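J.: After the sequence you'll find the predicted model.
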Amino acid sequence: MDGQAKKRLEVNMTTVTRQLDELIGREYRDGFYTTLATDALPRGLNEDIIRMISARKNEPEFMLEWRLKAYRHWLTMTEPQWANLHHPVIDYQNICYYSAPKSEKDGPRSLSEIDPELLRTYQKLGIPLNEQETLAGVAVDAVFDSVSVATTFKAKLAELGIIFCSFSEAVQLHPDLVRQYLGSVVPYTDNFFATLNSAVFSDGSFCYIPPGVRCPMELSTYFRINAKNTGQFERTLIIADKDAYVSYLEGCTAPMRDENQLHAAVVELIALQGARIKYATVQNWYPGDREGRGGIYNFVTKRGDCRGANSHISWTQVETGSAITWKYPSVILRGDNSVGEFYSVALTNHYQQADTGTKMIHIGRNTRSTVLSKGISAGHGQNSYRGLIKVLPGAENARNYTQCDSLLLGDQCGAHTFPYIEVKNPSARVEHEASTSRIGEEQLFYCTQRGIAPEDAVSMIINGFCKAVFQELPMEFAVEAQKLLGVSLEGSTG
Amino acid sequence: MLTIKNLHAQINGKEILRGIDLNIRAGEVHAIMGPNGSGKSTLAQLLAGREGYQVSAGSVDYLGRDLLAMMPEERAREGVFLAFQYPVEIPGVSNALFLKTSLNSIRKHHGLTELDAMDFLHLLRDKMKLVGMDESFLSRAVNEGFSGGEKKRNEILQLAVLEPRLAILDETDSGLDIDALKLIADGINGMRNPERAIVLVTHYQRLLNYIVPDVVHVLSQGRIVKSGGAELALELEQHGYGWVEAEYAARNAAQER
């Protein structure tokens, strides 16, 4: 089964019902802009900018060196062209690579010190920043533009030896851990966008769970792009030591903006022997307007390393935002008996484009991976699943099961599947299933004939389609994700 | 309750219904029989609000309202129910959720409070006994992996839960073995009451052994060619549809002369 298979699923839409036609398009709910005094560097990228970023963050020498190595490597690279994505050329010299709310200089120590405008922004987003609200069990490390401004529950977690803080803080307080693990899953030479991130990343989250500790709450980060023309370059590093467990939630929203904004994040997960990391994302960046103007360009590198035997990493993502999504959360199954999972719902509406999927690299013996991808296309949206299953010679009895389902709404959108399978061990078993369907008039009529409003019917059908993925999300997030799908698609039915 | 006058309808320019006249009163059970392609299912779907038909002439009055001007969901909420010949599957949506959403949409329309999960379950359990369904059915996805008989029973369960004013059953008897047929017939007979009209669209007389209709209509080539009592169905069973069509043709010819 060597080689690569490419398949483009034919998009064949006949009639579009009144409901579906109108279904598409609803104003972006999180589109508001916060007026804050910001401390930004001039646009453009060169070694001086990188030195300034590093200096402002008061970084140790090893960090600056790493950034500069990445930058110099980046200069030798070109933007990848293989994805099924189309966008204007990005001018990397016209981007501001660092922006922080001014008040950060004074370092807020409690919520009362935080700019009320900022708090109101969080409130609009429904982020549970206040202690009372976080009593529900979510610790939030909120990233506003580039600097983490508030971290809750840190003390409680510290009792267990858990470190959960902003990346900048980790660099100051736990430089040895950062030095040991940074770039160990996604090296600074990895790919164009990850390398750019390595050079200029401004902040992000850091998490370390000590051996045998089960993190008692869901850890959560909300990212939000705010300042105009500020590329957001986040870096997240999560380490689960031996037999540790952590469930991590990442949620994103970005306000409306006319210019396209670049987002190139890197997430590295490391699971040592017997450890388990669950990483869930609900991504709702601004997708652009109905005509495809504006919106976030989201080029993300997410990779987990099942470094120890019996370790387990699962990615669950609900991608409803961004004009462009380029994202392949992957797992390197290095340890024997390790398990990798990828559960994804990707929705493209209007002129959104998504090229997303995963890579499962089987290295250890008896490694198992599961891929479940649900793509929903509406309007002129283009949705591609791109997945690599690679079984190396030493991966005795490796198993993979992949299922990709696409759902089409309307006749202007597209669904594409690009599975790549490379198997170098004869004992491996790799299965791939793919389906494409559309919300038919039949289904819709069946629902409306039972008195259900077309809008509710579509939402019900789509949630049914995504159910297997939503089941992998923590409860509160699953509810959120369902609502988000409703908001992203709702629009105009009736 | 339902008055259809000179209804003409086309699909893609092809005339399927060519002048239907029908009057159905509350409390009555009508059977619409006819050979394949006579327009039975078209009539049933058109009344329920299926898109894709062009009505070129005629009118349909339902409880004093122009039925054809109402959206499908509005018709359903006003009490028009179609038991589908081929119920569709909705993967990932449980029967319980689907039926609860449906019932509450209708209740809300009538200004009634929406049932919560507990009340709904209570109601559903009683109705499920009527059609011989067990609990596992609740969590299964709508019609997904159902046998032909299960799909039909599910339609009758929905009928029993939603309690419509006008129930149109499209070939509900097709593909059922005799036990399932009896069960379904019992379910339907239990729904008969003075406030409700039932229209049975069927190809065979078999179902009418169990549900005795007040009126039987024969549909042929888009027209009702003969109407009569329950005994008409037996005649059709014995002699086929040919003689009715011939009789209609002769009558028409006589009128033209």
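T.: Everything's here; your move.
J.: What distance do you get for residue A:203 to residue A:172?
T.: 12 Å (Cβ to Cβ, to the nearest Å). (C-beta placed from N, C-alpha, C; glycine too.)
J.: Looking at those two, which has the bigger crowd around it?
T.: residue A:203 (28 against 14; other Cβ atoms under 10 Å in any protein chain shown).
J.: isn't that one right up against residue A:166?
T.: Yes: using Cβ atoms under 8 Å, residue A:203 is in contact with residue A:166, at 5.5 Å.
J.: Is residue A:54 in contact with residue A:64, as I believe?
T.: Yes: with contacts counted by Cβ under 8 Å, residue A:54 reaches residue A:64, the gap being 4.3 Å.
J.: Look at these two and report which has more neighbours.
T.: Ranked by neighbour count (other Cβ under 10 Å), residue A:54 and residue A:64 place residue A:54 first, with 20 against 16.
J.: Tell me which residues of stretch B:234-250 come out buried.
T.: For stretch B:234-250, burial by neighbour count (16 or more other Cβ atoms under 10 Å in any protein chain shown) applies to B:235-236, B:241, B:244-245, B:248.
J.: so can I have JSON lines of those residues showing pLDDT and distance to chain A?
T.: Listed next are the buried residues of stretch B:234-250 as JSON lines, based on pLDDT from 0 to 100; distance: Cβ to the nearest Cβ, whole Å:
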{"residue": "B:235", "pLDDT": "88", "distance to chain A": "33"}
{"residue": "B:236", "pLDDT": "87", "distance to chain A": "29"}
{"residue": "B:241", "pLDDT": "86", "distance to chain A": "29"}
{"residue": "B:244", "pLDDT": "87", "distance to chain A": "31"}
{"residue": "B:245", "pLDDT": "85", "distance to chain A": "32"}
{"residue": "B:248", "pLDDT": "88", "distance to chain A": "32"}
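J.: Look up the closest residue to residue A:460, ignoring the ones flanking it.
T.: In space, residue A:460 comes closest to residue B:93 once its chain neighbours are excluded; the distance is 5.5 Å by Cβ to Cβ, 6 or more residues apart in numbering or on different chains.
J.: List the contacts of whichever residue of the stretch 1-150 of chain B sits closest to chain A.
T.: Here the stretch 1-150 of chain B gets closest to chain A at one residue, residue B:92, 3.0 Å apart by Cβ to the nearest Cβ. Residues near residue B:92 by Cβ atoms under 8 Å, 6 or more residues apart in numbering or on different chains: A:463-468, B:141.
J.: part of a strand, is it?
T.: Yes: Residue B:92 forms part of a strand when assessed by DSSP: H, G, I helix; E, B strand; the rest coil.
J.: Residues of the stretch 51-200 of chain B that sit close to chain A?
T.: B:51-52, B:71-73, B:75-77, B:81-82, B:84, B:87-88, B:90-93, B:97-99, B:101-102, B:105-106, B:109, B:141, B:158, B:162 (Cβ under 8 Å from any Cβ of the partner chain).
J.: Need the buried ones from those residues selected in PyMOL.
T.: The following PyMOL line selects those of these that are buried, judged by 16+ other Cβ under 10 Å:
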select buried, chain B and resi 72+73+75+76+77+81+82+84+87+88+90+91+92+93+97+98+99+101+102+105+106+141+158+162
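J.: so the spatially most central residue of chain A, which of the three states?
T.: Among the residues of chain A, the one closest to the centroid is residue A:281, at 5.3 Å (Cα atoms, centre = their mean). Secondary structure state of residue A:281, per three-state DSSP, is strand.
J.: Okay, it and residue B:95: tell me how far apart.
T.: 32 Å.
J.: Quick one: neighbours of residue A:315, just the number.
T.: As a burial measure, residue A:315 scores 27 neighbours (other Cβ under 10 Å).
J.: So it sits against residue A:304, correct?
T.: Yes: using Cβ under 8 Å, residue A:315 is in contact with residue A:304, at 7.0 Å.
J.: Common neighbours of the two, please.
T.: When Cβ under 8 Å, 6+ apart defines a contact, the residues bordering residue A:315 and residue A:304 alike are A:279, A:329, A:331.
J.: Dump the residues you listed to a markdown table, plus neighbour count, pLDDT and distance to chain B.
T.: Putting the shared contacts of residue A:315 and residue A:304 into a markdown table (neighbours: other Cβ atoms under 10 Å in any protein chain shown; pLDDT from 0 to 100; distance: Cβ to the nearest Cβ, whole Å) gives the following:
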| residue | neighbour count | pLDDT | distance to chain B |
| --- | --- | --- | --- |
| A:279 | 22 | 94 | 23 |
| A:329 | 26 | 96 | 23 |
| A:331 | 32 | 97 | 26 |
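J.: Of these, which is the nearest to residue A:264?
T.: If you rank these by distance to residue A:264 using Cβ to Cβ, residue A:329 comes first, at 14.7 Å.
J.: how close does that closest one sit to residue A:302?
T.: Using Cβ to Cβ, we find residue A:329 at a distance of 4 Å from residue A:302.
J.: which neighbours do those two share?
T.: The contact sets of residue A:329 and residue A:302 overlap at A:267, A:279, A:315 (Cβ under 8 Å, 6+ apart).
J.: Give me the nearest residue to the second one, chain neighbours excluded.
T.: Nearest residue to residue A:279 in three dimensions, chain neighbours excluded: residue A:248, at 5.0 Å (Cβ to Cβ, 6+ apart).
J.: okay, that neighbour: pLDDT?
T.: As predicted, residue A:248 sits at a pLDDT of 90.
J.: and the gap between it and chain B?
T.: 26 Å (Cβ to the nearest Cβ, to the nearest Å).
J.: hang on, that residue packs against residue A:209?
T.: No: using Cβ under 8 Å, residue A:248 makes no contact with residue A:209, being 10.0 Å away.
J.: what about the strands in chain B?
T.: Ranges of strands in chain B, per DSSP state E, are B:2-11, B:14-24, B:29-33, B:54-62, B:65-66, B:80-83, B:90-94, B:141-142, B:166-170, B:197-202, B:215-220, B:223-228.
J.: Would you mind pulling the contact partners of the longest one?
T.: Under the contact criterion Cβ under 8 Å, 6+ apart, strand B:14-24 has outside partners B:1-10, B:30, B:39, B:42-43, B:46, B:53, B:56-58, B:166, B:197, B:199, B:217, B:219, B:221-224.
J.: Can you tell me which of those are buried?
T.: By neighbour count, with 16+ other Cβ under 10 Å, the contacts of strand B:14-24 hold B:1-4, B:7-10, B:30, B:39, B:42-43, B:46, B:53, B:58, B:166, B:197, B:199, B:217, B:219, B:221-224 as buried.
J.: End to end on stretch A:359-371, go ahead and measure it.
T.: Between the opening and closing residues of stretch A:359-371 lies a distance of 9 Å (Cα to Cα, to the nearest Å).
J.: roughly how far is that stretch from the heart of the chain?
T.: Remark: stretch A:359-371 is offset 21 Å from the chain centroid, using Cα atoms, centre = their mean, to the nearest Å.
J.: Now tell me what touches that stretch from outside.
T.: Looking at what lies outside stretch A:359-371 - Cβ under 8 Å, 6+ apart - the contacts are A:303, A:306, A:309, A:328, A:330-342, A:357-358, A:387-392, A:394-404, A:425, A:428.
J.: if we go to 6 Å?
T.: Residues outside stretch A:359-371 that contact it (Cβ atoms under 6 Å, 6 or more residues apart in numbering or on different chains): A:328, A:330-342, A:358, A:387-392, A:395-402.
J.: What about the residue in chain A positioned nearest to chain B, how many residues nearby?
T.: In chain A, the residue that lies nearest chain B is residue A:464 (3.0 Å; Cβ to the nearest Cβ). Look at residue A:464: counted by other Cβ under 10 Å, it has 22 neighbours.
J.: That one - nearest residue in space that isn't next to it in sequence?
T.: Nearest-residue entry for residue A:464: residue B:92, 3.0 Å, with adjacent residues in sequence omitted and distances by Cβ to Cβ, 6+ apart.
J.: can you check residue A:43 too?
T.: Using Cβ to Cβ, 6+ apart, the nearest residue to residue A:43 is residue A:96, at 5.0 Å.
J.: is the one you found in a bridge, and if so with what?
T.: residue A:230 (DSSP bridges).
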